[in-house]
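K.L.:
have a look at this prediction, sequence included:
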Amino acid sequence: MEERPASTLSALEYDPAPESAAVARLRERYGLFIGGAFVEAADGATFETLNPATEEPLARVAQAGEADVAVAVAAARRAYDKVWGKTTGAQRSKYLFRIARLIQERSRELAVLESLDNGKPIRESRDLDVPLAAAYFFYYAGWADKLEHAGFGPDPRPLGVAGQIIPWNFPLLMAAWKLAPALAAGNTCVLKPAETTPLSALVLAEILQQAELPDGVVNVVTGDGSTGAALVASPVDKIAFTGSTEVGKVIQRRLAGRTTRLTLELGGKGANIVFDDAPIDEVVEGIVDGIFFNQGHVCCAGSRLLVQESAAEEVLHRLRRRVDQLRVGDPLDKNTDVGAINSAAQLEKIRELTAWGEREGATRYTSPCALPERGYWFAPTVFTDVAQTHRIAREEVFGPVLSVLTFRTPEEAVAKANNTTYGLACGVWSEKGSRTLWVAERLRAGVVWANTYNRFDPASPFGGVRESGFGREGGRHGLEAYLDV
Amino acid sequence: MSPAPLRLVVDDERAVRPRPGASVPVVESEAQLRSLLRGLAGVDAVGAEARAAKLATRSLKRETKRAAIDLALSMVDLTTLEGADTPGRVASLCAKARRPDPEEPDTPAVAAVCVYPDLVATARAHLAGSDVRVASVATAFPSGRASRAVKLLDVADAVAAGADEVDMVIDRGAFLSGRLGEVFDEVVAVREACGPAHLKVILEVGELVTYDNVRRASWLAMLAGADFIKTSTGKVAVNATLPTTLVMLEAARDFAESTGRLVGVKAAGGIRTTKEALRYLVVVNETAGSAWLDPALFRFGASSLVNDLLLQRRKQRSGAYARPDRISVD
């Protein structure tokens, strides 16, 4: 077709398609949510939350001290004794359905706010975080009046007041994971969002007001680690924590000797195991979803790629091409694939561990993408020639950094995958079902995905073994964490 | 012993390029063809559909959108394949193909006009002096249920009447019953009968049903000498879909890498809106790469799509939607 004129464009270089930041309806100040009202901290302390993509301050947020946490826990206790503990399942169900619908109604606002505060791409907050948060409320709304059929005895009772400490990687979604089953089971809650991402939980608190949830049933105390420590030290019946293994261990030590129940969802070093008969194009997508989803700030990230030696060259060739295509930049741009690193501290940690990767002799490949000048950014990076002894193969990087190892036999794949102190999630890629099942049976991990990665559903329990924690969130199993069984 | 070390090869060019020693393998026997096709990696349906759905969320704005609309227009095979086609209708379609929007003279012409063989001469006459090509369906389109001899005559007839491009259908029955050699030989024979005309091979994905079949049929057609692989006839219930086109583009990309030969892809049937067409262009861009963003390597088989592209093109320029009556019906 030589005679045809040259095409009008050589490549689709997408023009910016930004979502409007105004949709988030940001306010200058946000207070604590205690006893159904927004209040300042007793000592008036506040802290700033930043937009990690620009390093600009977004808002000032109240910093809850010990006194505030005590008031919040007392409010939750009162609400449990006087109101929520006496509601029927059907009544609780009604509130949860309402909350789910309100999340859907305000989904655009929540998505933009989440991307501003966290740095994650709007495509993910819009298509994953917010819809899933609503889905968890819908799911547990359905359980609230059916607890006696959940397999925990004829009349399972709630625990009482639950203290819930959540991380910064999925701020709204983690709040939903914690609140929905706790409320369905009849508990009241004191929720402590992460220091760097407090805003979406406070908008969720507004939604609870809109839903006319009785005062004190859910309280939100924002602040740094000291707020979390105060919550752990307070007279609650249950602590649910999602975050680092380091902090999880501290919490477990502090609760030793107390009757307070504990569930922990901690770090991970997930292995994504690729056999040579796997569907290769979908494998590449799965690897990308496994490690570059949410900038790799995912506890169950597939941060170790274990690829069968006979397929390694082909997989890496395609992976490199795909990594080059990832669009890194403005989280509010609808075409962004990888957003900003959540904080300067996290960026520093990622830099330190990747420097170790090079020092220990692994080969680094970093996407040649351009990074914005301001803000916290880290280009998608793949390490090959990684050995099991390297820090990047053993420690959780919690960033867009993949370590590639190879194996020869299924036994070797399982041995390498299990050779970690963690045990949260793994992936297995093969067109052969019997092999997938053989491998899955032998993996010591709470979640094993087959021919997919990082897929979440409210009906499916999620949680880890060993240093990835204990207890399950989601599904029927998720109710157990909030019932006296 | 630990596995051999592996490295990612650093290469600054994103373009798909043949690997060293690439060439189209000579298929010498049905057994060889079968093992080659069975050796292709499978397609995970859930993953492929998820990938297509994710790409469909790309948002094209401003200059990108304007350029993409013009590109899409220049990729259309303006098609009429009805029993009721008349020379008059074809003449009117040819006029539309040359100047889709007479009130906007810089509107690009479409790629081709696609008709049945008996109307090729009419189309040829009305497109004289333009760059718009004449495409003809052949080989007992759309079912392909005729003897090889009849199919080849059908092709010869279209080419003799002046077709630049021939759209053939594969024998889906033979493919599904595993007579791959038969399908291959037929494509080779039609390729020969086409002479200088370009050959588009219609896989009729709606009848192949699985993505694995689509991938294998794509490779079969490319190995047999297709210039284009095309999704469908537009005459069955399921025609072009985004995931199917994704799988075909992956096949074209991989084929180019391993053989050095670039084969085009045509999505046909059911694409009616600008929004859908732009999604296809995104999939082309992010799957096969920018080389395929060219009418020589990607086409839309459509009729009503053109009018929506024209309306959206005007909207991009004036900021307001034109009344549909400002665009010719055909």
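P.N.:
Sure thing, it's come through.

K.L.:
please identify the helix or strand for the residue of the stretch 101-250 of chain A found nearest chain B.
P.N.:
Closest to chain B within the stretch 101-250 of chain A is A:Arg123: 6.0 Å, counting by C-beta to the nearest C-beta. Where you see a C-beta, it was placed from the backbone N, CA and C, and this is true even at glycine. Secondary structure from DSSP states H and E places A:Arg123 in helix A:122-124.

K.L.:
helices or strands up against that helix?
P.N.:
helix A:107-118 (3 or more C-beta pairs under 8 Å, 6 or more residues apart in numbering or on different chains; DSSP states H and E).

K.L.:
how far off centre is the helix it packs on?
P.N.:
15 Å (C-alpha atoms, centre = their mean, to the nearest Å).

K.L.:
that one - contacts with which helices or strands?
P.N.:
Using 3+ C-beta pairs under 8 Å, 6+ apart, helix A:107-118 sits against strand A:46-51, helix A:122-124, helix A:130-143, helix A:171-185, helix A:199-210.

K.L.:
ok, and which of those has the densest surroundings?
P.N.:
helix A:171-185 (a mean of 28; mean count of other C-beta atoms under 10 Å in any protein chain shown).

K.L.:
ok so, going back, residues touching the helix holding A:Arg123, excluding its own?
P.N.:
A:19, A:111-112, A:115, A:293-294, A:331-337, A:339, B:57 (C-beta atoms under 8 Å, 6 or more residues apart in numbering or on different chains).

K.L.:
buried sites along stretch A:245-252?
P.N.:
A:245, A:247-248, A:250-252 (16 or more other C-beta atoms under 10 Å in any protein chain shown).

K.L.:
nope, stretch B:305-323 is what I meant
P.N.:
Those buried within stretch B:305-323 under the rule 16+ other C-beta under 10 Å are B:305-314, B:316, B:322.

K.L.:
same deal with stretch B:91-106?
P.N.:
Those would be B:91-94, B:96-98, B:100-101, for stretch B:91-106 by 16+ other C-beta under 10 Å.

K.L.:
quick check: which element contains B:Val155?
P.N.:
helix B:148-160.

K.L.:
quick check: mean pLDDT across that helix?
P.N.:
For helix B:148-160, mean pLDDT is 98.

K.L.:
give the other helices and strands that it contacts.
P.N.:
strand B:165-169, helix B:180-194.

K.L.:
just checking, next helix/strand downstream of the first one?
P.N.:
Sequence-wise, the next helix or strand downstream of strand B:165-169 (DSSP H and E) is helix B:172-176.

K.L.:
list the buried ones in that next one?
P.N.:
B:172, B:174-175.

K.L.:
ditto for stretch B:266-279
P.N.:
B:266-271, B:274, B:276-279.

K.L.:
repeat for stretch A:311-327
P.N.:
A:311-313, A:315-327.

K.L.:
and it, anywhere near chain B?
P.N.:
Yes. Stretch A:311-327 is in contact with chain B by C-beta under 8 Å from any C-beta of the partner chain, via A:312-313, A:316-317, A:319-321, A:324-325.

K.L.:
what about B:Leu153, neighbour count?
P.N.:
16 (other C-beta atoms under 10 Å in any protein chain shown).

K.L.:
count of neighbours near residue 222?
P.N.:
Since you didn't name a chain, this refers to chain A. For A:Thr222, using other C-beta under 10 Å, the count is 28.

K.L.:
wait, chain B
P.N.:
If we define neighbours as other C-beta under 10 Å, then B:Met222 has 24 of them.

K.L.:
low-confidence ranges, the chain, go.
P.N.:
You didn't pick a chain, so chain A it is. Within chain A, the ranges that satisfy pLDDT under 70 run A:1-11.

K.L.:
ah, I was thinking of chain B
P.N.:
In chain B, residues with pLDDT under 70: B:1-15.

K.L.:
give me the distance between the residue of it found nearest chain A and B:Asp164.
P.N.:
Nearest residue of chain B to chain A: B:Gly47, at 3.1 Å (C-beta to the nearest C-beta). According to C-beta to C-beta, to the nearest Å, B:Gly47 and B:Asp164 sit 38 Å apart.

K.L.:
got it, and A:Arg320?
P.N.:
39 Å.

K.L.:
around chain B, pick out the residues from the stretch 51-200 of chain A.
P.N.:
The stretch 51-200 of chain A has residues A:123, A:127 near chain B, with proximity defined as C-beta under 8 Å from any C-beta.

K.L.:
got the contact list for B:Val190?
P.N.:
B:138-139, B:151-152, B:155, B:166, B:168, B:199 are the contacts of B:Val190 under C-beta under 8 Å, 6+ apart.

K.L.:
can you lay out those residues as TSV showing neighbour count?
P.N.:
Output for these, formatted as TSV (neighbours: other C-beta atoms under 10 Å in any protein chain shown):
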residue	neighbour count
B:Ala138	29
B:Thr139	30
B:Lys151	23
B:Leu152	18
B:Val155	26
B:Val166	30
B:Met168	30
B:Leu199	23
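
K.L.:
now do the same for B:Ile229: helix, strand or coil?
P.N.:
strand (DSSP: H, G, I helix; E, B strand; the rest coil).

K.L.:
please apply the same query to A:Lys349.
P.N.:
A:Lys349 - assigned by three-state DSSP - is helix.

K.L.:
tell me the spacing between it and A:Val397.
P.N.:
Distance of A:Lys349 to A:Val397, computed by C-beta to C-beta: 8 Å.

K.L.:
when those two are compared, which one has more neighbours?
P.N.:
A side-by-side neighbour count of A:Lys349 and A:Val397, using other C-beta under 10 Å, places A:Val397 first with 27 against 17.

K.L.:
in contact with the nearest residue to that one once chain neighbours are set aside, which residues?
P.N.:
Take A:Val397 and drop its neighbours on the chain: the residue closest to it by C-beta to C-beta, 6 or more residues apart in numbering or on different chains is A:Leu353, 4.9 Å away. Shown in contact with A:Leu353 (C-beta under 8 Å, 6+ apart): A:391-392, A:395, A:397, A:399, A:401.
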